[in-house]
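Chemist: sharing a model that was predicted from the sequence below.
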Amino acid sequence: ASGTTFTILSGGSATLVTPGDSVSVEVQFAAASEGAFADTLTIASDDADEPSVQVEVTGTGTPPPAPEISVAPDSLGFGEVQQTLTAQDTVLVRNDGTATLSLSSAALASGTVFSILSGGDTASILAGDSAAVVLQFAPGADGLVTDTLTIESDDADTPITRVVLSGVGTPPPAPVILVTPDSLGFGEVVENTVAQDTVTVRNAGDAPLDVTALSLATGSVFSILEGPTGSVAAGDSLSIVVQFAPLAAGVETDTLTVESDDATQPSARVVLAGTGVPPPAPEISVSADSLGFGGVRTDAVAQDSVRILNEGTADLSLSSIALASGTAFSILAGGDTAVLVPGDSAFVVVQFAPSAAGAQADTLSIASDNADEALVRVELTGTGIGVPLITVTPDSLGLGAVAIGAMTQDTVTVPQRGDGGSLAHVAGALG
């Protein structure tokens, strides 16, 4: 009817059809766009019953065959890869269209650490088929790296397809030395004795650690008793036993050096320190180096005491406590031998009992195992005072008869005491 989309290619002219014969009419459909189309083919003849016959002609216009590219994934992450290693992954290029897809180029923006191993050449991919682009990541340093894979094709809608590539370079396996403690104090150690302690060398890395040497800066009073060198597996450790043997009193220091193949810390150092102290010893101390009792009557006594203290660090043995003469002075208590622990004390009680008038002296000697002062002396002094002796003459006095109102007198004599003492007071009374 319209003849725009549908046309008669042959059989459209008038013709004579003999009985039993037939003719063909060839119709062409040429859609100019997508969608449904319809027309009517009219055949006119000299058939008296049906002079005109109509045939409905329909068709649907569809797009012409074309390629359609798709890639998976649209971004490719390689994760963490050690500097000295490589990693590979694949981008799949698929033709989801209805015609052959032609790949004209596959290239990287920089191509420094990423590279195309295969699939980077031109290629043709049939409808429904796919091709692989194999990529490699070879980081040369630490850190995040990115690049872009660009694929060019004859896909009219998407002539250029891009895939973002990323990866992180990490250091290669390496040993990491960890020495604990970093300083080792032995405290106080008695001279000519020894003390031991341990230094631990641990491999905190992820590759074997090679301990190559152990040394001391001076090695005079410190020494290495045990210290194997060699390989230490990742996560393992070894022990170094160090000894401190002071020869004299005073502070001592040294440095232990541990050498290994740790690139960042090839030499690890531990400071060693200790103090030599004298061996335990007693130290005697007395509360007074002299005792003065002053004046004491010959018929009386006086007492005083001396305190003995152990100020040392070992037991003090008192082997003897004695007086030089022991005449006017005597030891009442504390004269026996004894052992005083450090900080403890004992008392020696001394009595002064003069038997005659005049100055008296003696020496209290205390013997012990104090190496510096084996014998301690305490000087004792006192003065004896004589007892007064009184005589009266006559021992009775008769005054005879005396008249009332008169008086009479007589004399009583009190002489000087016979031992040289004096009378402080003489008093009399009549009753």
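Modeler: Thanks, I have it. Numbers count the residues shown, from 1 in each chain.
Chemist: spatially nearest residue to Gly358 (excluding sequence neighbours)?
Modeler: Gly384 (5.5 Å; Cβ to Cβ, 6 or more residues apart in numbering). Any C-beta I mention is one placed from the backbone N, CA and C, and that applies to glycine too.
Chemist: does the one you found sit in a helix or strand, and which one?
Modeler: Here Gly384 sits within strand 375-385, counting by DSSP states H and E.
Chemist: partner strands of that strand, with direction?
Modeler: strand 290-297 (parallel), strand 358-368 (antiparallel) (DSSP bridges).
Chemist: on that earlier part again, so what's the residue nearest to Gly358 up against?
Modeler: 295-298, 328, 354-360 (Cβ atoms under 8 Å, 6 or more residues apart in numbering).
Chemist: now, of these, which are buried?
Modeler: Buried members of the contacts of Gly384, counted by 16 or more other Cβ atoms under 10 Å: 296, 298, 328, 354, 357, 360.
Chemist: now distance to Ser320 too, for those, in CSV please.
Modeler: Shown next, in CSV, are the buried ones among the contacts of Gly384 (distance: Cβ to Cβ, whole Å):
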residue, distance to Ser320
Val296, 27
Thr298, 30
Ala328, 21
Pro354, 25
Ala357, 32
Gln360, 23
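Chemist: thinking again about what came up before, which one of the strands paired with strand 375-385 lies nearest to Pro67?
Modeler: Of all these, strand 358-368 sits nearest to Pro67, with 114.3 Å by Cβ to Cβ.
Chemist: ok, the residue nearest to Gly358 to Pro278 distance?
Modeler: Gly384 is 47 Å from Pro278, where distance means Cβ to Cβ, to the nearest Å.
Chemist: kindly report the same for Pro64.
Modeler: The gap separating Pro64 from Pro278 is 109 Å, by Cβ to Cβ.
Chemist: mind listing what Gly97 touches?
Modeler: 65-69, 127, 155.
Chemist: pretty sure Val348 is touching Leu309, no?
Modeler: No: the criterion here is Cβ atoms under 8 Å, and Val348 misses it with Leu309 at 12.0 Å.
Chemist: picking up where we left off before, same list (the contacts of Gly97) but as CSV, adding pLDDT.
Modeler: As requested, these are exported to CSV (pLDDT from 0 to 100):
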residue, pLDDT
Pro65, 92
Ala66, 94
Pro67, 96
Glu68, 97
Ile69, 97
Ala127, 96
Asp155, 96
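Chemist: buried only: go through those for me.
Modeler: Here, 16+ other Cβ under 10 Å leaves 67-69, 155 buried among those.
Chemist: dump those into a markdown table; add distance to Val402 as well.
Modeler: Compiled in a markdown table, the buried ones among the contacts of Gly97 are given as follows (distance: Cβ to Cβ, whole Å):
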| residue | distance to Val402 |
| --- | --- |
| Pro67 | 179 |
| Glu68 | 176 |
| Ile69 | 172 |
| Asp155 | 175 |
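Chemist: wait, which of the residues you listed is closest to Ile366?
Modeler: The closest of the buried ones among the contacts of Gly97, once distances to Ile366 are taken by Cβ to Cβ, is Ile69, at 112.9 Å.
Chemist: could you find the closest non-adjacent residue to the closest one?
Modeler: Ile69 sits nearest to Asp155 (Cβ to Cβ, 6+ apart), 4.3 Å away.
Chemist: and for Leu76?
Modeler: Per Cβ to Cβ, 6+ apart, closest to Leu76 is Leu165, 5.2 Å.
Chemist: quick one: pLDDT of the closest residue to Asp129 other than its chain neighbours?
Modeler: Nearest non-adjacent residue to Asp129, counting by Cβ to Cβ, 6+ apart: Asn95, 5.8 Å away. Note on Asn95: pLDDT of 97.
Chemist: against Pro65, how distant is Asn95?
Modeler: 11 Å.
Chemist: overlap in contacts of those two?
Modeler: Ala127.
Chemist: nearest to Pro266, out of the strands paired with strand 375-385?
Modeler: Of all the strands paired with strand 375-385, strand 358-368 sits nearest to Pro266, with 58.7 Å by Cβ to Cβ.
Chemist: what's in contact with that closest one?
Modeler: Outside strand 358-368, the residues that reach it (Cβ under 8 Å, 6+ apart) are 282, 284, 286, 291, 306, 308, 316-329, 331, 348, 350, 352, 354, 374-384.
Chemist: for ChimeraX, write a command that selects the buried ones of these.
Modeler: In ChimeraX syntax, the buried subset of those is picked out as below (16+ other Cβ under 10 Å):
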select :282,284,286,291,306,308,316,318,321,323,328,329,331,348,350,352,354,376,378,380,382,383,384
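Chemist: Asp299 contacts Val387, doesn't it?
Modeler: Yes: here Asp299 reaches Val387: they are 5.1 Å apart, a contact under Cβ under 8 Å.
Chemist: circling back to that earlier point, and which of the buried ones among the contacts of Gly97 is nearest to Ala213?
Modeler: Looking across the buried ones among the contacts of Gly97 and measuring by Cβ to Cβ, the closest to Ala213 is Ile69, at 63.5 Å.
Chemist: what's across from the closest one in the sheet?
Modeler: Where Ile69 sits in a bridge, its partners, by DSSP bridges, are Asn95.
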